[in-house]
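# Got a sequence here, can you model it:
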Amino acid sequence: MAVDDPGVVDIVSIEPSGGVVLTISDHLDWRDSASHQRVLQEKINRYLAFVESGEILDGYPEAEGREVTIRIVTKHEPDLDGQRFFDRAKDALVQAGIQFRWLRFEPNRAN
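Modelled structure (predicted):
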């Protein structure tokens, strides 16, 4: 399960607040930002179709009536173009009634 497997929804979870979160796990670096954005766009489109088609309810009937968020967890900090891509993705998804968040994965470091 990863960002470069566009046909798969990586992670579906329910937050304590009750919202459904669809997580995209993104391990790619941003050296070729345009290519990275295309991969993300394809994956986001898959997630959007998963929700809008009702397919989400086939596997997760408890998602019925809940707020949905698409969350991207990146291994690498996006470049400026990547950050702009995330802003555009958020605008488009919010218009479709889906929330959007992204964050950079920061493993816990026990000392």
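
# what comes up buried for the longest helix seen in the chain?
Counting by DSSP state H, the longest helix found in the chain is helix 33-52. Across helix 33-52, burial judged by 16 or more other CB atoms under 10 Å covers 33, 36, 37, 39, 40, 43, 44, 46, 47, 48, 50, 51. C-betas here are computed from N, CA, C, even on glycine.

# other SSEs contacting it?
strand 20-26, strand 68-74, helix 80-95 (3 or more CB pairs under 8 Å, 6 or more residues apart in numbering; DSSP states H and E).

# Let me have these in a markdown table, extended by distance to residue 107.
Conversion of those to a markdown table gives the following (distance: least, CB to CB, whole Å):
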| stretch | distance to residue 107 |
| --- | --- |
| strand 20-26 | 14 |
| strand 68-74 | 11 |
| helix 80-95 | 21 |
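
# can I get these in CSV with mean pLDDT, distance to residue 60 and mean neighbour count?
Listed next are the helices and strands packed on helix 33-52 as CSV, based on pLDDT from 0 to 100; distance: least, CB to CB, whole Å; neighbours: other CB atoms under 10 Å:
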stretch, mean pLDDT, distance to residue 60, mean neighbour count
strand 20-26, 96, 7, 21
strand 68-74, 97, 10, 21
helix 80-95, 97, 19, 14
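
# right, and the ones you listed - which one's nearest residue 61?
With CB to CB as the criterion, residue 61 lies closest to strand 20-26 of the helices and strands packed on helix 33-52, at 11.3 Å.

# Pull the distance from the closest one to the chain's centre.
4 Å (CA atoms, centre = their mean, to the nearest Å).

# From the structure, what's the count of residues near residue 59?
Counted with other CB atoms under 10 Å, residues neighbouring residue 59 total 10.

# Please apply the same query to residue 15.
That count, for residue 15 with other CB under 10 Å as the rule, works out to 12.

# That one contacts residue 21, correct?
Yes - if you go by CB atoms under 8 Å, residue 15 and residue 21 touch, sitting 5.8 Å apart.

# still on that earlier bit, between helix 80-95 and the longest helix of the chain, find me the angle.
Between helix 33-52 and helix 80-95, the angle comes out at 20 degrees (axes from the mean of the first three to the mean of the last three CA atoms, to 10 degrees).

# Sweet, I'm off.
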